[in-house]
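**Student:** My questions concern the predicted model and sequence given below.
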Protein chains: 2
Amino acid sequence: MPLSEFALIERFFARRARLSPAKAALGIGDDCALIAPDPGHMMAVSTDMLVEGRHFLPNADPSALGHKTLAVNLSDLAAMGAEPRSFTLALALETPREDWLEAFAEGMFALADRFACELIGGDTTRGPLNLCVTVFGDVPEHAALRRDGAQAGDDVWVSGTLGDARAGLGILRGEWPDDLFDASEAAALRHALERPEPRIALGLALRGLAHSALDVSDGMAGDLLHILERSRMRASIDVDAVPRSDALRKLPLDAQRRCALAGGDDYELLFTAPAHAREAIADAGGRANVAVTRIGTISALRHATDEPAIEWHDGGHAPLSLTLHGFDHFDAT
Amino acid sequence: MPLSEFALIERFFARRARLSPAKAALGIGDDCALIAPDPGHMMAVSTDMLVEGRHFLPNADPSALGHKTLAVNLSDLAAMGAEPRSFTLALALETPREDWLEAFAEGMFALADRFACELIGGDTTRGPLNLCVTVFGDVPEHAALRRDGAQAGDDVWVSGTLGDARAGLGILRGEWPDDLFDASEAAALRHALERPEPRIALGLALRGLAHSALDVSDGMAGDLLHILERSRMRASIDVDAVPRSDALRKLPLDAQRRCALAGGDDYELLFTAPAHAREAIADAGGRANVAVTRIGTISALRHATDEPAIEWHDGGHAPLSLTLHGFDHFDAT
């Protein structure tokens, strides 16, 4: 017999939702949850909707899906320098299956518990598989890492390595030769796709250091452009400096670049900061246990009417004309 | 050519989102929005997901759908005694059509503007039609209308009339004889289904008066049970006192009762309050321009091990044994 909505919520979500001490004044079970940021803090809010076939493949491992559903939202908090507090989950399912829900909840709560992020409400309904999370975090009022703060002379930084998730998707799709990656490399690339790590600790450590930040979800080239457009700046990027894993480096150079610059689903932080902060940023990366790499610089628009743009060059400062269009990330396929 | 996600967001949502004065410190366009409740207030949060075929019929009027998508969420704020502040919208669409989006946005913003409720963020993606709103409202810390506060001796009240939305659904489904309702009655019943009015003003007026409250979304009988379970109480309800519109009264008595008690999609407020507040509650209804009707009383469980339950009786105090099971509201069809 199919589970009723209420039995489903209670069994798989509500009983695991309450943290001790509770973060919300009132959690699951009323018309609304009641929350408030700490005094002097703002509440950072982000929402993401994941749809089968667009953000994950049909028959995706439900535990990994539970992880990723929350991770992509936590990544938005990280990009804001906000500390995770709570989240809501709305999900539509065609046929509630206990084993699927059990694994999904396990993956989601394993990540939520790591960041003491409390499930405070949600909705369940029948329908084509759809997962919508809204996440809440605290950030001191003037410490938020916004997209519109990049300044001329800033370095451009990125955390971790880029392109691994896109390469992992290529494995699932059979885009690469079968014997290109050994088993551990293939596993690492798939892990990057299926279990991205939200860079919460780095986001918190960058408060007061970074002038601007976002998380790389749609591909670095397009995402950097969001910073440039909001800040009315341009950027010069050393393509060879963009950090790539050893596994990714097994691909031809052109494929490496396309994965790293336009692959998307990376959930690394892309941020800008003044040159005098270089040492502090290296320290921040060390404390957050993630590599941080300088890949370019921000400069002013030459004329007020110029459009923000990225100039690409290689390690030898030779200009590159990159054709990234048409190599969209998973969501756009 | 299909609209890109960014063009779609900008054209139909972002440019209409910003209120003046803005409610959010940072709205659409960054990784997160930044919001905070007023000093001394909590933020009430609720999320609802609407799926085609379950919460609305395929080919539903998009303007009405825009209204209802936000209205069902605002209704949760009303039930909490919270004042609307802002909301996020995540939507999945198979094929973005400009006329559909234009009408949907018109219906949604017309309602949002009435309550000065600001769109602060969201997500759009391709996928089977799915609408997920998370709504935020302010409520003084100890004034929230919760489900767990009903006390022995409380009156049970309901706003407006119940059952109209379910009767309107019956019209769309051809469940009633064609000539039962005249044109204006049929239009009123459909209006109740398609354009429910969130009882915000009433919810605000009930702060400090009502001991418990919720909004009727799944059917009054089942929703009242939520209050009883959370408050560990039982209720005695006069079925003949449950307010019904003149249009609904054209149905046979049994169908009237089933629509009013188990129809759902009403979005009226169901609340309990002490007898000494009767005059103040009548005043509150008057100020909020909605009828409020006493339909029963709350009493203590006879034994601590008793299950919370509803005793139904008619206007002559004769006990009624109602079989409401199987007459589910729209969502469960």
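**Tutor:** That came through fine. Residues are numbered from 1 along each chain as shown, chains lettered A, B, ... in the order given.

**Student:** Restrict the helix or strand hosting residue A:203 to CA atoms and write it as CSV.
**Tutor:** According to DSSP states H and E, residue A:203 maps onto helix A:200-205. Below are the C-alpha coordinates for helix A:200-205, written out as CSV (Å, rounded to 0.1, in the frame of the first residue of the first chain):
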residue,chain,number,x,y,z
ILE,A,200,31.2,26.2,3.6
ALA,A,201,34.4,26.5,5.6
LEU,A,202,36.2,28.4,2.8
GLY,A,203,33.2,30.7,2.4
LEU,A,204,33.3,31.6,6.1
ALA,A,205,37.1,32.1,6.0
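
**Student:** Residue numbers of the stretch 151-300 of chain A in contact with chain B?
**Tutor:** A:213-215, A:230 (C-beta under 8 Å from any C-beta of the partner chain). In this view, the C-beta of every residue, glycine as well, is placed from N, C-alpha and C.

**Student:** Between all of those, which two are separated the most?
**Tutor:** Spatially, the most separated pair among these is A:215 and A:230, at 14.5 Å (C-beta to C-beta).

**Student:** Which one's more surrounded, those two?
**Tutor:** residue A:215 (27 against 18; other C-beta atoms under 10 Å in any protein chain shown).

**Student:** now the more buried one, which residues is it bridged with?
**Tutor:** Beta-bridge partners for residue A:215, by DSSP bridges, are residue A:269.

**Student:** In three-state terms, label the residue nearest the centre of chain A for me.
**Tutor:** Nearest to the mean C-alpha position of chain A, counting by C-alpha atoms, centre = their mean, stands residue A:267 at 2.8 Å. Put simply, residue A:267 is coil when judged by DSSP: H, G, I helix; E, B strand; the rest coil.

**Student:** right, and it touches residue A:197 too?
**Tutor:** Yes. Using C-beta atoms under 8 Å, residue A:267 is in contact with residue A:197, at 7.1 Å.

**Student:** okay, and the common contacts of these two?
**Tutor:** Residues touching both residue A:267 and residue A:197 (C-beta atoms under 8 Å, 6 or more residues apart in numbering or on different chains) are residue A:71.

**Student:** Show the average pLDDT along the helix or strand that contains residue A:99.
**Tutor:** Under the criterion of DSSP H and E, residue A:99 resides in helix A:98-114. The pLDDT scores in helix A:98-114 average 93.

**Student:** Please, where are all the strands along chain A?
**Tutor:** Here chain A has its strands, by DSSP state E, at A:33-35, A:41-51, A:83-93, A:118-126, A:130-140, A:155-159, A:212-215, A:233-238, A:269-273, A:292-300, A:310-313, A:319-320.

**Student:** Just the CA atoms of the third one, as CSV, please.
**Tutor:** In this case it means strand A:83-93. Provided in CSV are the C-alpha atoms of strand A:83-93 (Å, rounded to 0.1, in the frame of the first residue of the first chain):
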residue,chain,number,x,y,z
GLU,A,83,26.8,29.7,7.9
PRO,A,84,24.1,27.0,7.3
ARG,A,85,21.2,27.0,9.7
SER,A,86,18.2,25.2,8.2
PHE,A,87,16.4,24.1,5.1
THR,A,88,13.0,23.1,3.7
LEU,A,89,12.5,20.2,1.3
ALA,A,90,9.6,19.9,-1.2
LEU,A,91,9.5,16.8,-3.2
ALA,A,92,7.3,15.2,-5.9
LEU,A,93,7.5,11.5,-6.4
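
**Student:** contacting residues for the closest residue to chain B within the stretch 101-250 of chain A?
**Tutor:** Chain B sits closest to residue A:127 of the stretch 101-250 of chain A, with a gap of 3.5 Å, by C-beta to the nearest C-beta. Shown in contact with residue A:127 (C-beta under 8 Å, 6+ apart): A:92-94, B:49, B:51-54, B:128, B:130.

**Student:** at 7 Å what do you get?
**Tutor:** The contact partners of residue A:127, by C-beta atoms under 7 Å, 6 or more residues apart in numbering or on different chains, come to A:92, A:94, B:51, B:54, B:130.

**Student:** Likewise for residue A:69?
**Tutor:** Residues counted as contacts of residue A:69 (C-beta under 7 Å, 6+ apart) are A:50, A:108, A:131, A:133.

**Student:** Thank you kindly, that will do.
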